[in-house]
Structure formats: structure tokens, C-alpha cells
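>>> Predicted structure and sequence below. I'll ask about it afterward.
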Amino acid sequence: MTIETRIDRRFAALREQGRPGLVTFIMAGDPDNATALDILRGLPEAGADLIEIGMPFSDPMADGPSIQLAGQRALKGGQTLSKTLELVSDFRKDDDNTPVILMGYYNPIYIYGNERFLADASQAGVDGLIIVDIPPEADDELCLPAMENGINFIRLATPTTNAQRLPRVLQNSSGFVYYVSITGITGSSTPDPEKVAASVGLIKKSTQLPVAVGFGVRTAEQAAAIGQASDAVVVGSALVSAIAETLDDNGKASTETAGAVHDLVRSLAEGVRSVKH
Amino acid sequence: MSKPIEPNSWKTGPDENGHFGIFGGRYVAETLMPLILELDEAYAEAKKDPQFQAELEALNKHYTGRPSPLYYAESLTKHLGGAKIYFKRDELNHTGSHKINNCLGQILLAKKMGKTRIIAETGAGQHGVASATVAAKFGFPCVVYMGKTDVERQSPNVFRMKLLGAEIVPVTAGAGTLKDAMNEALRDWVTNVENTYYLIGTAAGPHPYPQLVRDFQTVIGRECREQILEAEGRLPDMLVASVGGGSNAIGLFHPFLDDKDVGIVGVEAGGRGLNGEEHCASLTAGKPGVLHGNRTFLLQDDDGQILEGHSISAGLDYPGIGPEHSWLRDTGRVEYVPIMDDEALEAFQLLCRTEGIIPALEPSHALAEIVKRAPEMDKDQIIVMNLCGRGDKDVFTVGKALGIDL
């Protein structure tokens, strides 16, 4: 089954420009829904090529402290999956081009109802899903139905994904492949560009899909180095930390919060845009 | 949800992908998938390996002290005035609970797989102690993740683990209980994939854990079946065990599942009552969802966020349950009921005085159910309860609950 989404069109445009893309992650509802929407709206102008929005979950088993705390802030503020979908709809009112990918864990979707979720996500303008805890062995639960709803299901490949397993991971992947550059949780350690290049090379031998690389990228220099070896660079924990660092004493957004995220994105964008493929 | 069709045998699960009906499975991050598949393979080999089985059997006998006795609780039986009550005394095991059965099996697997570091999660600390024990015996470094709340209320076990050479990492995320400890252990495992073996303590988590933990614990039920036949010449009318994650219960129940005349009751922690959120009765008051690698009954809100739960017993303080129990509930083979904190506390004291046995708070829940049921049953009927842990670790908690400053 072939579908074309904003993700496919964006990667085609990046190929024409001959540079890697920048994928930015923020948590829906962090620190509150209105600020999250402000941040989202400013991301494309600041240089984000694709946007990942985290769906907060009480038990984020693959995430490090920064993203755990972001999820807790969002949940404390009353964020729900319905509100996250509304956030995407609101963002889409002004932007019909930037790809939006929802990232999170399975349970909130399962409780919302898989079919209902996919219909509502498609309606809201979601282009892709990254669900950390659904392996390819369970593709018929959400991955294949997502494709039928015109939504890419983006799989993670990791340093433990060996040659024997890679075909299974790639089988029903679409949009792009997300290469997790380290074994570990989000934001924990810095990836080694040389190792990343070798791994991305191996993945590219087996698929035509673009390969984005994430986990542990924090600065423009790192983004440029990882961008050399990949089609896109994902930054999450660093942006989420920028939010955390600008909150006021009561943990509420300050006047600096959205700007701090956008400034960091601008700097990261310069990093990836300095790379010519 | 319609009731699933009754199977010919309740003992055939799980299927090759780890499913018991709709429950179970392998819902983990891709980083862990190759490790879990490797474990599955190693376990399949170990099951067929007579040397592995012989080594485990020898350890069970000489290190743990198996078989554990099946004891007729005559005074309690008289006191309650109904069915005959037997205890499967796994509290007499080395380390004081049934947890050692599983830990010995898994440490042999870890050794076989060439792993060099052990991690574990613990609630009450019983699994942590058992893990630290086998790690010490086999010379592995061991890191135990334990919720901060549990570290505080189970201090004797924390010290035991330290004596045994384990490193304890208090987990402050969430409410600082078993679920948070399990999240943190999974984060460790995803980071240290090369050398680390994750020794899960209950019959839950991604396949093959629910299966292999069950298999290592069924030594309880297999012995019990032989022992009750020897003592009474027949099978019991009822089995009762407490369920947190459900490993002691599945260990007792599984060998009896196809004996249709044996009624089976699992007892959940009803905490301060099922009306609010202060309980851990996932099978009575939860609904199916996906957490910690498996689909199972979970305590959760309408948005699919997992609730913290509460129980006076740290070992039952978990918002989920092993997937096989979810399936046994749905098929109706096992009846699951809640017991409140105060009922468990009363049963705890009753056993101390009638039988001279200080039980852990976990099996005190099962005992409280027997206090309700035995008087309603005939005197020639037989109940077997898994007395899965001893109560030394709980005396401070009980003292506090009774208003006594120790």
C-alpha cells in the first residue's frame, strides 16, 4: 500500500535543497496548552522542517528525566489525548505544509480506541505516528490500520537492531526510519557521528526511506555532524529542557518560554542548514 | 466484552507470541526486542535441557529447602469451624518467600546466556532480597530498583539487600512504588543491553517473562498436588492465593487448572476500598490496557494514564497483573475478589495467635478471604492457601497500622 503524506513531500523538498532536515519534539500541553500552541506555531518559521508532538503518558519507559518531567507537567495541567488532537487541529489552521508526527506510548491510544483515534488523528491533520512500545510483531494492531487512514507509521531502528531483524523493522515502515543513535533513554548521552554514519549506511542499503537520527542531540554542532550522515536530525530533550529552564517559580510559562525554544531551534536549524549533501 | 469460549485445557498458553487470549504479548521498545527474543530462545533451550533442570532441582532442594511443607492448620480450622485449611508453606523457603523459586531459575538462565550483571525491581523487597541472594551466590553484581516509598516502609529488606551486596536505587518518579521501580529497571535495561539480565519478579512483563516466571513457580503447585493427595487422598475443593503481579498465585493454581472440581480464588488488594483510587484491585476494578510489555487489566483513568493504587502491603501495590490471570478471569476459570487493608490486618493477627505463624501482609489478604469462606463450607471440604511469605519484614508496618510505636 502506498500513501503520500506531508512527510513524503517534505523529504522530497529537502532532497532538492540538498540538506538534512530538522525534526523538533515538544510535549503536547507542556507547560500548558496555550503555550504549547504558541511554541508550535513558531517552529516552522524558526527552522523546524518536521514537528514531533509527544502524547504524554504516566509511564514513559523509554524516556529520560527531561521528557518524563515534560509529560508530568502536561498531565498535571490536565492534558489528554483529545486535547492533543485539538492542538494539532489548531496548528493546522495556519499551517498545511509542515508534517506533524505524534509520538508516545500505546495505552492512551488503546483506551481512546484504535479506530476512533486514527480517524480523529487523520481529521486533525496528523501525518505520522511513532509509538515506542508497539513492535513490528504487532503491526496489525495499529501500524497497518494507520496506513489505511493515510498516516505513516514510523519505526525506530536501534543499535540492537541487527541485520537479521532489520527487514522486519522496515517491512511496514513508511514516512521515514527513525534511527535511535544510542542504546538508552532519550537525552542521556551523545551519539558518535562516525558510528551513526555506519549504521545509517547499513539501514539505507535496505530501504529507500529517509533516515532521521535522534536521541542525545543538543547543539547546532552536533546537529550538523549527525546531519552529515543522515536525512534529518531529531532534537527533543534539549528543547523540552529549554521550556523547563524558563518556567517561573510556580512552574508556569514565563514570557521567555516560547522564545527560548524558538531561539534554540533557530540555532539548530543553522547547524543542519550548513550541511550540503 | 463477551466471555471467551472455554478451552479444552487451561494449561496450553501462551501461544508463540506470548498471548493468553487477548492478553500478554510483547509491547516493548525496539531496543529491547532482540533481547527479549534472545531470552525466549534461551529459555526454550533450557526447558529441554536435562542438565539445566537437574541443576535447578538440586538448588531448590539444597539451597531453598524444597519441598516446602503442606501444613494442616488445625487450630485455625477449629477456630473458623468449617472447611479444613492447609497452608503451602513457601514462607519457610530460604529468603522467606516464594520469590526464590523464580530467582534461581532466572539466574541459571542469565548464566547460560553469558550475562554478567543483574537488575531487578522490587516492591515489598522480597524479590529484591531473593535477587540479591542469588546474585551473591552466583557472583553477579546486582542493582535493585525500589520505589522511594517502599524503601521507607520496607527498611529491614533494604538492609538485607545491602548485606547481600546489592546496590539499591530508590526511585522517586511517580508515587515511588513498584510500577515506578519497574519503569526505572526497564530504562536501565534499555541502556545496558549488552551485559545485563533483567530479573523480573512477577509473572508479568513482555513474553516470555509471564511464562517463564510461572513455570519456575509451578513447583509450588506440583508439590502441593502430590502432598494433598498423600495427606487426604484427594484434591482440595478450593485453592486461595493473593495476587499482586500474581506469581505465587499462578505457581499454585497452574497445575490444578484442568481439575474442574477444584475451585480457585485469587485475592487482590482492596486497599481502603474500591470506591476511590486507593486500592490495587486491577482485575475487579480495572480494565484491559498495555503497560510494561503486556496487555492486561490495569488501574487507569479514562485517558489511559496509569493510576498509582494503594495497598498496606507493598508486594501487592501494583496497578497491573500478570496476563495469564487476566485471561483466567475473562474465561471465568478463576474467581478474583478484593480484600481490604483492615481485613488483611485482622487476618494477620489471627494467624499469629491461632497457629504461631507470623505471615507476610500479602498472604494475609488470602487468609482474610478464607476467614470469610471457610465457616460457610462443610467440615469435610478442603481449602489450600499459599502462605507465600513470612511477616518479619512487615512488623513495623503492622505496628504503625495498629498505633504501636516500635
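Structure received.
>>> pretty sure residue B:6 is in contact with residue B:327, am I right?
No. Contact criterion C-beta atoms under 8 Å: residue B:6 and residue B:327 do not qualify, at 11.8 Å. C-beta here means a position set from N, CA and C on the backbone, and glycine is covered the same way.
>>> More neighbours: these two, which one.
Shown here are residue B:6 and residue B:327; by other C-beta atoms under 10 Å in any protein chain shown, residue B:327 has more neighbours (24 against 9).
>>> so that one touches residue B:15, yeah?
No. Assessed by C-beta under 8 Å, residue B:327 is found out of contact with residue B:15, at 11.3 Å.
>>> ok, the closest residue to chain A within the stretch 101-250 of chain B - how many residues close by?
Closest residue of the stretch 101-250 of chain B to chain A, C-beta to the nearest C-beta: residue B:191 (3.9 Å). Per other C-beta under 10 Å, the neighbour tally for residue B:191 reads 16.
>>> How about residue B:157, nearest residue that isn't a chain neighbour?
residue B:125 (2.7 Å; C-beta to C-beta, 6 or more residues apart in numbering or on different chains).
>>> Likewise for residue B:178?
Looking at residue B:178 with C-beta to C-beta, 6+ apart, the closest residue is residue B:123, at 3.6 Å.
>>> Just checking stretch A:33-40 against chain B, any contact.
No. Contact of stretch A:33-40 with chain B (C-beta under 8 Å from any C-beta of the partner chain) is absent, the minimum separation being 14.2 Å.
>>> ok so, going back, what's the residue nearest to residue B:157 in contact with, if anything?
Contacts for residue B:125 (C-beta atoms under 8 Å, 6 or more residues apart in numbering or on different chains) come out as B:146, B:150, B:154, B:156, B:157, B:158, B:160, B:161, B:314, B:393.
>>> before we move on, what about residue A:134?
A:106, A:141, A:142, A:143, B:27.
>>> Which of these fall within strands?
Among the contacts of residue A:134, the members falling in strands are residue B:27 (criterion: DSSP state E).
>>> list the buried ones in stretch B:196-208?
For stretch B:196-208, a neighbour-count test (16 or more other C-beta atoms under 10 Å in any protein chain shown) marks B:196-208 as buried.
>>> Quick one: mean pLDDT over it.
Across stretch B:196-208, pLDDT averages out at 97.
>>> cool, stretch B:314-333 as well?
Averaged across stretch B:314-333, the pLDDT comes to 94.
>>> Endpoint to endpoint, that stretch covers what distance?
This stretch, stretch B:314-333, spans 27 Å end to end (C-alpha to C-alpha, to the nearest Å).
>>> cool, and stretch B:63-72?
Distance between the two ends of stretch B:63-72: 25 Å, counting by C-alpha to C-alpha.
>>> Show me which residues of it are buried.
Quick answer for stretch B:63-72 (16+ other C-beta under 10 Å): B:63, B:64, B:66, B:67, B:68, B:70, B:71.
>>> Let me know the closest of these to residue A:249.
Closest to residue A:249 out of the buried residues of stretch B:63-72 is residue B:64 (54.6 Å), distances taken as C-beta to C-beta.
>>> Please flag which of the buried residues of stretch B:63-72 sit within strands.
Among the buried residues of stretch B:63-72, DSSP E puts B:70, B:71 in strands.
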